[in-house]
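K.L.:
Structure, please.
(8 chains)
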Amino acid sequence: MADDPVSVTVNGEPRQVAMSATIADLVAAMSTAGSGIAVAVNDEVVPRGRWPSRRLHDRDRVEILTAVQGG
Amino acid sequence: MADDPVSVTVNGEPRQVAMSATIADLVAAMSTAGSGIAVAVNDEVVPRGRWPSRRLHDRDRVEILTAVQGG
Amino acid sequence: MADDPVSVTVNGEPRQVAMSATIADLVAAMSTAGSGIAVAVNDEVVPRGRWPSRRLHDRDRVEILTAVQGG
Amino acid sequence: MADDPVSVTVNGEPRQVAMSATIADLVAAMSTAGSGIAVAVNDEVVPRGRWPSRRLHDRDRVEILTAVQGG
Amino acid sequence: MADDPLVLAGERFHSRLIMGTGGAPGLDILERALVASGTELTTVAMRRVDPRMHGSVLDVLSAHGIRVLPNTAGCYTAAEAVLTAQLAREALGTNWIKLEVIADERTLLPDPLELVDAAEQLIDDGFVVLPYTNDDPVVARRLERLGCAAVMPLGSPIGSGLGIRNPHNIDLIVEQSQVPVILDAGIGTASDAALAMELGCDGVLLASAVTRAREPARMAEAMRRAVQAGRLAHLAGRIPRRWYAQASSPRDGRATVG
Amino acid sequence: MADDPLVLAGERFHSRLIMGTGGAPGLDILERALVASGTELTTVAMRRVDPRMHGSVLDVLSAHGIRVLPNTAGCYTAAEAVLTAQLAREALGTNWIKLEVIADERTLLPDPLELVDAAEQLIDDGFVVLPYTNDDPVVARRLERLGCAAVMPLGSPIGSGLGIRNPHNIDLIVEQSQVPVILDAGIGTASDAALAMELGCDGVLLASAVTRAREPARMAEAMRRAVQAGRLAHLAGRIPRRWYAQASSPRDGRATVG
Amino acid sequence: MADDPLVLAGERFHSRLIMGTGGAPGLDILERALVASGTELTTVAMRRVDPRMHGSVLDVLSAHGIRVLPNTAGCYTAAEAVLTAQLAREALGTNWIKLEVIADERTLLPDPLELVDAAEQLIDDGFVVLPYTNDDPVVARRLERLGCAAVMPLGSPIGSGLGIRNPHNIDLIVEQSQVPVILDAGIGTASDAALAMELGCDGVLLASAVTRAREPARMAEAMRRAVQAGRLAHLAGRIPRRWYAQASSPRDGRATVG
Amino acid sequence: MADDPLVLAGERFHSRLIMGTGGAPGLDILERALVASGTELTTVAMRRVDPRMHGSVLDVLSAHGIRVLPNTAGCYTAAEAVLTAQLAREALGTNWIKLEVIADERTLLPDPLELVDAAEQLIDDGFVVLPYTNDDPVVARRLERLGCAAVMPLGSPIGSGLGIRNPHNIDLIVEQSQVPVILDAGIGTASDAALAMELGCDGVLLASAVTRAREPARMAEAMRRAVQAGRLAHLAGRIPRRWYAQASSPRDGRATVG
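P.N.:
Purely as a prediction, here's the structure:
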């Protein structure tokens, strides 16, 4: 029960993650880049310092962005 | 006392009018044109039908406008 | 012999005509229009009045022009 | 008699010069520049090599030109 | 041209030239210019009554059956424009309003934020709103979506006579609009008006180009014909632009010389 | 407009629009376009008679009382142009000639040296010469001094529809000329024709812009009105261009709100 | 040129050319173009991480000491733009943002109302806001008054290469602005960039004109020199435009012939 | 840029900017401007010697290794131009001549007939002829066929600063020419020079735009960079013009908000 999966949306895709998973875990799974990444959950930026402690909840919408060529 | 003057602003100019004076009286004093005129008191339009009954109060700001060449 | 053919160029095309043939004959053969036509032989205009009398000679270059849509 | 003056035009101005005078003399009188100068007499260029020998005649029109800022 | 009316808010106009009345040296000159222009819809401004004034532009319009279109010229805020429009409706008995909300005296350019705000309020209040706007297709679309009866982009600043500075924007506005597009402001001469119509505008609104011309009535007639010419050219389908020439006389059949 | 004729070589024309007849898909379409244009002077080309041809552009012109103006289209040398002009005079009974001496098929631009040569010969031979020329004021002046009855500078290459590429040159030509200046070639749409007249040209000559339009008769009417509009605007005296705005509604007397 | 820096929000840049990184076919080509351009400030977009992606535009910028300027490209609302800016700040450690809030895909024109709203929020939140705006002087002034560090009007739509469609508006913006004016969007070729600077802009921002050119690095070098040329010309004070000629060779002293 | 020389009559020039020396307020200012321009070929005029004159433009050119190019400025006839060219050859030891034969003081426009005549005589006499001509492709082709080493069409009248009034004609000249095309006359500012090169011209010749600028040396540097910028842009292949926008940031991968 402690680690039942929660259903979240990550970068627009539905995803199941463990209840114990943090933003830091999620970012590590999505990118190997050590920097240049930012995360918002439900339209609020989550500062990098809080990634290790921030857990995910059911229906959270997570956006993990980085800089690309553009503009 | 019934007809003590009240101080109003008419088209930007200070003016004393009798307490019994109506918008109709004021318009008649300002213009001989029978039509094409509108009046606002304190930023609200006073429809023509209410001119004869509408009295003025101290500090009322009255605008009496008509159409002129323009635009 | 009197009517041996002569070789001329009419409007850029080689043509045999009778020695007795005149410009008037040639024009009549080329167009039914009674007016609006002009003729040059060897780069000289032949006025209409001289068409009936003007014979053709070997190697004459004849241009018969009219007005068309243009310009 | 040998050195009676002749009347010439030099750069648009009338001028009297000795009959014995050469183009070289004239140029020397007009400019101290050793180079960059050309002379025409009566619309013909007189090459520098002929300046010492070329005499002037009555009514000669002499142009002595050099390069200036322009264009 | 009779079968090609301009339809504004359900009303049909045979003339696609809307005139303004400002800038004329006198009512008689204005009258002759209005008649020469053939206009059926003409703007007036709302100003404080002046007891010394005699003769009214309204009499001129009325004498010639020209519909009056009050404007909110001189208003800097939505609040001013809304009140002015309401006064105009009361005074003139029309719920049509040419909506102007300008940003400064130097350019008289419209303030898009105040304009959108005023348009929204006036449409809610039942007005037929004809907004004077910049040439930004985005603002024009916003105004159309709010329910404006037309969009009236500028060619260049009011009274500048600089013509249509950015035909590309006018083209984009025409392309996207479901309501009539009226080119308003900046027209200097007849070819400017014709160009506006060729770009696909449904009408032209102008004042200074006529009223301040050396001969207003003659210029009014020029504008009348220019608007018609531009409209016809738009409908007739112009030839494409070609980099090289194309002969209009036949190549064949030329005489050979020499 | 009736009291403002175009005078060419002593002849008066009420219409300032000279039409060409080239490019129309058929004589009936041409006819309707000519009538709609209101033109009184129209060019034709001279080509070899074609026995198969029936119906003549001359009949159309004659039916509507339109004066014929033969051209020398397709000529590359002075010699060709002179002979063509002489044939035209003989065929059509007119000593008027629109003189064209072109340099190449790609641009159909006039060859100024051959043109000046031909103009000189034709004037000596008694022609009224109306030369199609480039927009160079120097060549235009040379042609005028030779005795041409008008100068007819191009706006852009024949049939290109690129309009007036160099208004500055047209302006310089108008300024210096004592004979009429006719803008010839390059007109694409109505506003181009209006602009030509506003620049001070005395007339406009065009063909493709009408005959190759999607609807020739409608475009012809557009051009008729555009030429009138441009002429009237030229005479009426346009407002000056101003960098900043100038209000057409009065600044004083605005209501105070709030 | 070293003593004529562009100062943005207190930071000095020797180059007045701000580059975008979009549109390049690869990072190596982009890198060569950036170096050739001499830029010191370059935009990037914020997008979802893509696990397949290797190599980052940030490494390129970092390798050459080019400051990164994130943008909000692709945002349609103030809310989207604000969040994107906040994410960029978090990801890149900069509070500078090129603010874009566009209205539609077809034109990519900015939406002035959303733009003003977003600018206000971001300035409140401590950002240095560099807004991409239309060429309306009224909107530019509003943005400046809100506290934007620069105004960045467009020349024409993003990627269109149509250059500066309305130099008059750019001129009016330059004239009124106390903050730097950066011409952003629409540049097609070097002369467009030079013109922007001659109009008095303080810098030029472009991407497609370089990244989509046939030879990006060569075009980057062209743009670098064009921006310098235009800046120098602006400072040097160009000659006035004259309707007639003015000789540069002396009139006096010419030889008389014949 | 070193591997992209301008080749005129077999001579290679690293700079594509040809300067004139007229209009400068003094030799020292001229010298600084010439150096800043980077020019390697510079025009001078031929005038009557003036005994009061000290210091010569030739010394300045010589000090900096700049090749001298005499012109025939001020000549109105072929005869004057031919004699002036011959005097220049004698005085300066060069058979190169910038051939000018103008028609009037007001416009200083070239007279094409006199120009062609003079060119023919001078080529026969062994000159390398660089003719200043109008922007007529037909005259340019005639000059090329006569054997001119380049053609030098004007952008607009000498000293007018009106830029390139008819880019279409310059384009047609570039397209047809086998000899170098030098844009000569009319340049007002840096973007004009860049545009000339983008149109495909091989070089630019200018004087007044630099010598009469408020700061000649600074403008000379602007022109140097503008010519380089325009040349590079021409070689780099600009993006096509598009009516609508094209995003430079990726459409995919944007965050979803709300």
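K.L.:
Tell me the residue of chain A that sits nearest chain B?
P.N.:
Closest contact between chain A and chain B, by Cβ to the nearest Cβ, is at A:Asp43 (39.9 Å). (Each C-beta comes from the backbone N, C-alpha and C, glycine too.)
K.L.:
Under the pLDDT cut-off, which ranges of the stretch 51-200 of chain E? List them.
P.N.:
Across the stretch 51-200 of chain E, not a single residue meets the criterion (pLDDT under 70).
K.L.:
Tell me where it has helices.
P.N.:
E:57-63, E:78-92, E:112-124, E:137-146, E:167-176, E:190-198 (DSSP state H, counting those that start in this stretch).
K.L.:
sec struct for the residue of the stretch 101-250 of chain E at minimum distance from chain C, please.
P.N.:
Chain C sits closest to E:Ser249 of the stretch 101-250 of chain E, with a gap of 3.1 Å, by Cβ to the nearest Cβ. Secondary structure for E:Ser249, judged by DSSP: H, G, I helix; E, B strand; the rest coil, is coil.
K.L.:
is it true that it touches F:Ala73?
P.N.:
Yes: at 3.5 Å, E:Ser249 and F:Ala73 qualify as touching, with contact defined as Cβ atoms under 8 Å.
K.L.:
Now do the shared contacts for those two.
P.N.:
Common neighbours of E:Ser249 and F:Ala73, counting by Cβ atoms under 8 Å, 6 or more residues apart in numbering or on different chains, are C:Gly70, C:Gly71, F:Gly22, F:Ala45.
K.L.:
Including pLDDT, could the residues you listed go into TSV?
P.N.:
As requested, the shared contacts of E:Ser249 and F:Ala73 are arranged in TSV below (pLDDT from 0 to 100):
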residue	pLDDT
C:Gly70	88
C:Gly71	84
F:Gly22	90
F:Ala45	95
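K.L.:
Taking those, tell me the two that lie furthest apart.
P.N.:
F:Gly22 and F:Ala45 (6.8 Å; Cβ to Cβ).
K.L.:
Have a look at those two and say which one is more surrounded.
P.N.:
The residue with more neighbours, out of F:Gly22 and F:Ala45, is F:Ala45; 30 against 27, by other Cβ atoms under 10 Å in any protein chain shown.
K.L.:
how near is the more buried one to E:Ala220?
P.N.:
Computed as Cβ to Cβ, to the nearest Å, the F:Ala45 to E:Ala220 distance reads 40 Å.
K.L.:
so what's residue 13 bridging to?
P.N.:
Assuming you mean chain A. A:Val10 (DSSP bridges).
K.L.:
meant chain E, my bad for not saying
P.N.:
E:Leu6.
K.L.:
Run a quick neighbour tally on it.
P.N.:
17.
K.L.:
wait, isn't E:Gln178 in contact with E:Arg145?
P.N.:
No: look at E:Gln178 against E:Arg145 with Cβ under 8 Å: they stay out of range, at 9.8 Å.
K.L.:
Output the contacting helices and strands for the longest strand anywhere in chain E.
P.N.:
Secondary structure assigned by DSSP state E gives strand E:41-48 as the longest strand of chain E. Strand E:41-48 sits against strand B:61-69, strand E:17-20, helix E:57-63, strand E:67-70, helix E:78-92, with contacts defined as 3 or more Cβ pairs under 8 Å, 6 or more residues apart in numbering or on different chains; DSSP states H and E.
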